[in-house]
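Q: Any chance you could fold what I've pasted below:
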Amino acid sequence: MKRAMVDPVKCVNCSTCSVEEKCSEKAIIREETTDKPWIDFYHCRGCMKCKLNCEYEAIIEVTKPCDGGFSQTW
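A: Numbers count the residues shown, from 1 in each chain. Predicted structure coming up:
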């Protein structure tokens, strides 16, 4: 299973986050405009378009095997 995560070191907290604006699933969340974005795994479907849209390469791809068991380790 693929998931996107925001790398807080690479994220420069753009005032207008292109990744947040272009996510069709609205999975990129910022509580306040001063906060760095994070990705809501309940809405993210793993398409990784956000990774392509971030000009600072602050979106990383995390892959976890789907073993059929229930796990809350995300």
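Q: Where does pLDDT dip in this protein?
A: In the prediction, the chain carries residues with pLDDT under 70 at positions 66-74.
Q: can you give me the helices for it?
A: Listed from the start of the chain, the chain has helices (DSSP state H) covering 18-22, 49-53.
Q: So what touches the last one?
A: Contacts of helix 49-53 with the rest of the structure, by CB atoms under 8 Å, 6 or more residues apart in numbering, involve 4, 18-19, 22-24, 27-28, 39, 57, 59-61. For glycine as for every other residue, the C-beta is placed from the backbone atoms N, C-alpha and C.
Q: Out of these, which comes closest to residue 10?
A: The shortest distance between residue 10 and any of the contacts of helix 49-53, using CB to CB, involves residue 57 and amounts to 6.0 Å.
Q: wait, what's in contact with the closest residue to that closest one other than its chain neighbours?
A: Of all residues beyond its chain neighbours, the one nearest residue 57 is residue 10 (6.0 Å), with distances taken as CB to CB, 6 or more residues apart in numbering. Contacts for residue 10 were tallied using CB under 8 Å, 6+ apart; they are 56, 57, 58.
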